[in-house]
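> Show me the folded form of this:
(one chain, ligands or ions: 1)
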Amino acid sequence: MNFEEVRQEKVEEIEKILKKYLPAEEGYQKTVLEAMNYSVLAGGKRLRPMLMQETFRMFGGEGHLVEPFMAAMEMIHTYSLVHDDLPCMDNDEYRRGRKTTHAVYGEGMAVLAGDALLNYAFETACRSFAMAEEEPGVLPRCAKAMTILAQKAGIYGMIGGQTADTEAEELPEEKVTQELLLFIHENKTAALIQSSMMIGAVLAGASDEQLHRLEKIGTCIGLAFQIQDDILDITSSLEVLGKQTGSDLKNHKVTYVSLNGMEHSVKEVRRLSEEAISGLSSIACEKGGAGRNEFLEVLVDDL
Ligand code: GRG
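Take a look at the predicted model:
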């Protein structure tokens, strides 16, 4: 099997896990449950649960302990997309080739579905506690994973980044500095990627020092992912417009590409991916450390 086929198999495995943890569509609150499930099952690359599961395996993790957290992470990621698509934010009608949640269920229900996914994510992650009771010493790992999840999704993570991003849209271009853009990307985009890897590792018994290094690796992956997204935004809109050159790199908002140019941005994606891969292989090669996970390295290389 080639890499793409292996990745597809893993996506299917993750979707089975997601379905296991999604709520049943019944009761007087059925509509919000349907809207939640519609949003989570709309497709997507499942990058964050995949990074979590692969990091768990890299550190020798076995069994189902990581699964509630994988589902929780995808629920949080999905809620952020549902809210980001709302008319009061990005006002998008389509995502992943399907109508957005508010376009199908209305704005009020989409707000509730996002809120419900965030809340249900923590309810789901708590299910790891019952699994941990069977293995001595595992409960504190779950508590630590829960703390990481809460912090990185919150005001010192994704919501913090989204706040700075929302305000940056109102600033004059020259006020959107590299430093501000880095803060936005590290928090809005990288925080969930960092925490996916850190949670996978902590559940498998990684040390604090290893977690700290994974946080840095997750930053590199998150930044590379964001810059690549900005690059694709430009190349796909140029294709749509049928333009021959990349001279008009300015989007309506300031991005890494508009500040640094296309050539530098492409190189930066490569540099960040290589830094992440070398960080992973150095953790893997240390004596008594984790084993190498080649799939994870190729996944990062393929951003
Ligand atoms: C509303 C609190 C709140 C946060 C929103 C994630 C986010 C923060 C906004 C989405 C806009 C955006 C372009 C974010 C950058 C990160 C990114 C490219 C997200 C999309 O993630 P993918 O590509 O999505 O993994 P799929 O569809 O594959 O799951």
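
> Quick check: E107 touching L86?
Yes - the criterion here is CB atoms under 8 Å, and E107 meets it with L86 at 6.5 Å. Placement of C-beta: from N, CA and C, glycine included.

> Among these two, which residue is more densely surrounded?
L86 (17 against 13; other CB atoms under 10 Å).

> Touching, the more buried one and G106? I think so.
No - contact criterion CB under 8 Å: L86 and G106 do not qualify, at 10.8 Å.

> Spell out which residues of the stretch 101-250 of the chain are next to the ligand.
158-159, 162, 188-189, 226, 229 (CB under 6 Å from any ligand atom).

> redo that, cut-off 5 Å
Within the stretch 101-250 of the chain, the residues that sit near the ligand (CB under 5 Å from any ligand atom) are 159, 162, 189, 229.

> in the protein, which ranges drop under the pLDDT threshold?
Scanning the chain for pLDDT under 70 picks out the ranges 241-252, 287-290.

> Tell me where it has strands.
Under the criterion DSSP state E, strands of the chain are mapped to 94-95, 98-99.

> Looking at those strands, spot the one closest to D233.
Taking CB to CB, strand 94-95 is the member of the strands of the chain nearest to D233, at 14.0 Å.

> list the contacts for L303?
221, 224-225, 228, 269, 273 (CB atoms under 8 Å, 6 or more residues apart in numbering).

> Pull up the distance across stretch 23-38, start to finish.
Taking CA to CA, to the nearest Å, the first and last residues of stretch 23-38 lie 11 Å apart.

> residues of that stretch that come out buried?
Buried residues in stretch 23-38, counted by 16 or more other CB atoms under 10 Å: 23, 32-38.

> Pick the one among those closest to the ligand.
Nearest to the ligand among those, counting by CB to the nearest ligand atom, is Y38 at 13.8 Å.

> The strands of the chain into a markdown table, with extra columns for distance to P49?
Output for the strands of the chain, formatted as a markdown table (distance: least, CB to CB, whole Å):
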| stretch | distance to P49 |
| --- | --- |
| strand 94-95 | 18 |
| strand 98-99 | 20 |
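
> got a markdown table for the ones you listed, with mean neighbour count and distance to the ligand too?
Output for these, formatted as a markdown table (neighbours: other CB atoms under 10 Å; distance: least, CB to the nearest ligand atom, whole Å):
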| stretch | mean neighbour count | distance to the ligand |
| --- | --- | --- |
| strand 94-95 | 14 | 7 |
| strand 98-99 | 14 | 10 |
